[in-house]
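Engineer: A structural model of the following input is requested.
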Amino acid sequence: MAYTRKTVILEILALLIAFFAWVFIFATSGMEDPLPLWIPAFLIILCLGGGHAVKSELPDSFSRRFWPLLSLPVLVLISGIVINYCSDNALSAEVMILFVIFFSGCVPFIVSFAIVGAALRKKLVDRKWGLQTCVLITALFALVVWQRRQGLDDTLATRCEGATIDYDVHLSVYQPWNRNNRLAKLDTPPFLRLSKNCPTIDGATSFFPIYAAVVNAVYEGDRAKLDGYIRCSRTAEAYNRLIRGDVDLIFVLQPSRQQLQDAAKAGVELRFTPIAREAFVFFVNGQNPVSNLSIGQIQDIYLKKITNWRQAGGDDRRILPFQRPENSGSQTAMVEEVMKGKKLPPPFQAEYSGTMGGTVRRVAMYRDYAGSIGYSFRFFTREMVKFRDARRKTGREVTDDRVKLLSIDGVEPSEKSIRDGSYPFTADVFAVTAGTKNPHVGELIEWLISPQGQELIEKVGYVGLRETPK
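Structural biologist: Predicted coordinates for the structure are as follows:
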C-alpha cells in the first residue's frame, strides 16, 4: 500500500512539473520554440521516475509493480477516447493541449522508472549505483537532444487547415466573418454585390488576404455563413479541389508541370486570369551581413556549389538553404522562375520546411539557423508572418528585423520594382477556373480586373495590374 501511495504521489508531482513547465512556455515564448524550455522539466521528471525505482522496494508481480503507474494514464486515455467519440471527433485544440500536457508528464516518468527498475531487477546495476545510473541515462538523453538541435533536425512547424497556419501565421485576422478582421476595405460601395449562388473560393495562403477581402466586399448575407464560400487549403490542394470540381475559383500562382498533367488527365481545361503581381523573395536572418545576391549566386547556393556565406561576401558560416514541398506555389516559382531548368538537388531533412511560415520562423531563429536562407512572397513575409514579443507583456504580435529580404542583382523587392519589372522575380497572381457552371464567376473576375477591384487589391498591399488612385 505504501508503494502504491508513493507511486501515485510522485506521478502527480511529475504531472505538476509538466503542467507548470508548459504554463511557463506559453507565458514566455508561446509555441515558437518550446524545446529549450521543456528540456529541464523533462530531465527532472526522468530523474524523478528513475529515483523512485531506486528508492522503492519493487513488488515482484508485474501487475502490482506497474498498475499504480499505469492506472491514471489509462483512465485518462479511456476517458479521452470516449469523449472524442461522443463529440464526433470534435475535441477543441485547448482540450487536446491538456492531454498533451498530461502525457508529457506521465510518459517520461513511467519510461525512466521502467528502465532503471529493469536494470536493477536484472542486476545490471547495483541499487547503490542505481541513482547514478538514472542520472547517467538522463545525461545521455540530454546529450542526444542537444546533438539533434545542433544538427538542425527538429521540425516544429505543423500543418493545419482553418484559421491558423503554423505557430506564427494566423489567418483568423483575415477571416471575413471576424468582425475585428484586418481586411482592406473600399472607400465606396462595390458595384458588384452577390447574395445567392456565390462562387466557392480556395487558394494559396499568401493570397488569402486578397480573396478574403473580395468576399468581405462583394458577398452579402449572414457574415457567419461566409465560411461556406471561402477556404484556404494551400496551392497544391487548391489545384486538386479545382480539378475535382469542389470549388469554382482559386487564387494561386502558375501551376507546376504535375498539376497541368493532373488537369489534362482529368479532362479539365484550366483558365488563368491575372489579377495582381507579387515578388518572389529570398530572405536571410537579420544579423546576416549579406544583403544582396545575384541570380547566379542564388542558383549556385541551391545547387550546393556555394556552401559557405564567405563565398558570397558574408561570414564564415555554413549555408542552410531551405526548400518547400513539391507542387507548392513557392516551390513551383523556385523551380520555374529562378532555377530555369537547373535541377534542384533533394533537400536534407534539416533543409526541408513544410510551410512558408515555418521557413520564415526558422530563418528568424539566429541561434539555430543563422546561416539559413529561404524563399517566399513579399507580402506574406512582411505582413502575414508575425513574431511574438519575447517579453510577452501584452501578448501582442509584432514585426521586427529578425528576417531580412535580399535584393537581387542590386534591386530590392518593392512595389515600384514589381510594377516596372526591374525586380527579376515577379510573378502574376491568377484567378483560375476549370469550367465551372456558376454564372457569377465571370462577373467576379471581371470585377477583380476592373478599376474598383484593382483598387481593393492595392489596398490589401499587393501590386495591381494598373495604376490605381491612392
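
Engineer: for the rest of this, base every contact and every neighbour count on C-alpha atoms.
Structural biologist: Noted.

Engineer: and the strands in the protein, which stretches?
Structural biologist: Counting by DSSP state E, the chain has strands at residues 164-165, 169-170, 201-203, 249-252, 271-285, 292-293, 320-321, 372-377, 387-388, 397-398, 403-405, 407-408, 426-433.

Engineer: tabulate those strands (TSV), appending mean neighbour count.
Structural biologist: Formatted as TSV, those follow (neighbours: other Cα atoms under 10 Å):
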stretch	mean neighbour count
strand 164-165	20
strand 169-170	20
strand 201-203	28
strand 249-252	28
strand 271-285	22
strand 292-293	18
strand 320-321	24
strand 372-377	25
strand 387-388	20
strand 397-398	12
strand 403-405	23
strand 407-408	21
strand 426-433	22
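
Engineer: switch those over to JSON lines; also include mean pLDDT and distance to residue 305.
Structural biologist: Formatted as JSON lines, the strands of the chain follow (pLDDT from 0 to 100; distance: least, Cα to Cα, whole Å):
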{"stretch": "strand 164-165", "mean pLDDT": "34", "distance to residue 305": "33"}
{"stretch": "strand 169-170", "mean pLDDT": "64", "distance to residue 305": "33"}
{"stretch": "strand 201-203", "mean pLDDT": "95", "distance to residue 305": "35"}
{"stretch": "strand 249-252", "mean pLDDT": "96", "distance to residue 305": "32"}
{"stretch": "strand 271-285", "mean pLDDT": "95", "distance to residue 305": "18"}
{"stretch": "strand 292-293", "mean pLDDT": "96", "distance to residue 305": "14"}
{"stretch": "strand 320-321", "mean pLDDT": "92", "distance to residue 305": "12"}
{"stretch": "strand 372-377", "mean pLDDT": "93", "distance to residue 305": "15"}
{"stretch": "strand 387-388", "mean pLDDT": "49", "distance to residue 305": "33"}
{"stretch": "strand 397-398", "mean pLDDT": "42", "distance to residue 305": "36"}
{"stretch": "strand 403-405", "mean pLDDT": "91", "distance to residue 305": "22"}
{"stretch": "strand 407-408", "mean pLDDT": "97", "distance to residue 305": "18"}
{"stretch": "strand 426-433", "mean pLDDT": "95", "distance to residue 305": "25"}
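
Engineer: residue 50: which of those is closest?
Structural biologist: The minimum distance between residue 50 and the strands of the chain falls on strand 387-388, with 36.8 Å, by Cα to Cα.

Engineer: domain parsing for this structure?
Structural biologist: Using automatic domain parsing, the domain parsing of the chain gives 2-150, 164-271+429-460, 277-426.

Engineer: dump the ones you listed to JSON lines, plus distance to residue 466.
Structural biologist: Below are those laid out as JSON lines (distance: least, Cα to Cα, whole Å):
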{"stretch": "domain 2-150", "distance to residue 466": "39"}
{"stretch": "domain 164-271+429-460", "distance to residue 466": "8"}
{"stretch": "domain 277-426", "distance to residue 466": "8"}
